[in-house]
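Visitor: coordinates for the following, if possible.
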Amino acid sequence: MSKIKRILAAAIRHVRHICILGSSNKSSDMEKTNGWVFFPQFRYNYSGRYVKKKDKWIFSSDDPMATLAVDLKYTVKYPGVDPFIDPQFALEEQHKDVLLLALLAGEKRMGNCHTRCCVLAKYLWENNYPEIQRIELLSFNFDHFVVVVNRTGDIDDPKTWGNALIVESWYPAQGAIYSPQEFMQQAQIVRKFIKSDLLKQYKLGLPGREELLMGTDWEHLSWECYAAIDPNQHRYPTYSRSPFRPIEYYYEPKYTYTAEISDNRKNVHPLLGDRLIHQARLNECFAELNTAEETSLPTPSVV
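Guide: As a prediction, this is how the structure comes out:
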């Protein structure tokens with residue numbers, strides 16, 4: 001395996017570790033977590049409970065706000081130290097969104113294809129590998145994202161992409177790395193899986209699946225660039241490379257369960273006991289998942 005493919009394989013392993021709970025739009029991950037993966041898709045919730053039944057973790061909550069979507073708000077840890085708004089980095093809005101989605105994934109510990117691509121792009125960007133000259137997030141017309149590195153040529157014609165490599169971090173589960181020559185075939189394979197899995201979820205009664213099935217053009221394949229990062233031109237927003245300080249050093253996402261737990265000012269909340277039990281069980285589940293992941297982590301397929 002070439003050095004660049006080893007780098008990309010390591011990036012996929014990083015994504016799988018960060019998003020260890022899986023994806024809320026994949027049946028296998030719903031089954032693995034007994035539906036728990038739905039919960040952090042939207043927000044953390046101090047009033048929920050995690051219970052273990054028959055060796056599986058189950059989440060339940062009576063909170064009507066449990067499905068409240070969260071926008072990408074964040075807290076600056078050190079007043080006046082804010083590389084996101086510093087002109088020397090000149091961050092584009094899409095770059096900021098990529099980093100913030102990746103930051104939030106570190107709290108949620110799950111992510112669908114879009115979030116996974118953001119985690120992967122952030123990993124490549126902050127490691128500053130000389131082999132990685134360009135990082136792109138491509139968005140398909142069937143609700144899917146992949147990362148493309150070192151693309152040249154016409155974005156609409158994969159045959160002109162030169163030595164580019166495409167990184168798939170959502171399906172198959174272990175991820176995949178493939179060449180532009182395999183781009184169309186691999187995209188069709190993933191599209192077929194998504195349609196089949198959406199149909200399965202629809203039959204289970206999951207909301208929103210019928211709209212996706214009916215509103216997607218399953219016959220024609222198209223894509224566009226959602227975000228492009230040129231590491232030589234776009235500086236990663238940090239004030240320290242030695243020691244390296246990622247964005248987690250400067251920011252933390254708002255409205256996360258872990259942030260509420262760590263905020264002593266909220267310890268007067270009447271559900272403090274539930275929150276602490278919740279956190280303990282959350283940590284137990286992470287420990288189990290991490291152990292299983294470390295002992296059976298498959299290598300990404302290289303097409």
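Visitor: what residues does residue 129 make contact with?
Guide: Neighbouring residues of residue 129 by Cβ atoms under 8 Å, 6 or more residues apart in numbering: 4, 7. The way it works is simple: take the backbone N, C-alpha and C, and place the C-beta from them, glycine included.
Visitor: hmm, 6 Å instead?
Guide: Counting by Cβ atoms under 6 Å, 6 or more residues apart in numbering, residue 129 makes contact with residue 7.
Visitor: give me the three-state assignment for residue 156.
Guide: coil (DSSP: H, G, I helix; E, B strand; the rest coil).
Visitor: excluding covalently adjacent residues, which one is nearest to residue 247?
Guide: residue 99 (5.4 Å; Cβ to Cβ, 6 or more residues apart in numbering).
Visitor: and that neighbour, which of the three is it?
Guide: helix.
Visitor: pLDDT score assigned to it?
Guide: Per-residue pLDDT puts residue 99 at 96.
Visitor: burial count for it?
Guide: 26 (other Cβ atoms under 10 Å).
Visitor: roughly how far apart are it and residue 254?
Guide: Residue 99 sits 15 Å away from residue 254, going by Cβ to Cβ, to the nearest Å.
Visitor: swap in residue 75?
Guide: 6 Å.
Visitor: and what of residue 178?
Guide: With the distance defined as Cβ to Cβ, residue 178 ends up 37 Å from residue 254.
Visitor: of those two, which one has the most company?
Guide: Neighbour count, other Cβ under 10 Å: between residue 178 and residue 254, residue 178 has more, with 18 against 13.
Visitor: right, and residue 238 touches residue 247 too?
Guide: No. If you go by Cβ atoms under 6 Å, residue 238 and residue 247 don't touch, sitting 7.3 Å apart.
Visitor: the more surrounded of those two?
Guide: Remark: of residue 238 and residue 247, residue 247 carries more neighbours, 21 against 15, as counted by other Cβ under 10 Å.
Visitor: quick one, helices of this protein?
Guide: For the chain, applying DSSP state H gives helices covering 3-18, 27-32, 39-42, 93-108, 113-127, 183-203, 209-215, 247-250, 257-262, 272-295.
Visitor: which one of those has the lowest average pLDDT?
Guide: Among these, helix 257-262 scores lowest, at a mean of 43.
Visitor: now residue 252. Nearest residue, chain neighbours left out?
Guide: residue 75 (5.2 Å).
Visitor: wait, that neighbour sits on residue 250?
Guide: No. Under the criterion of Cβ under 6 Å, residue 75 makes no contact with residue 250, lying 9.9 Å away.
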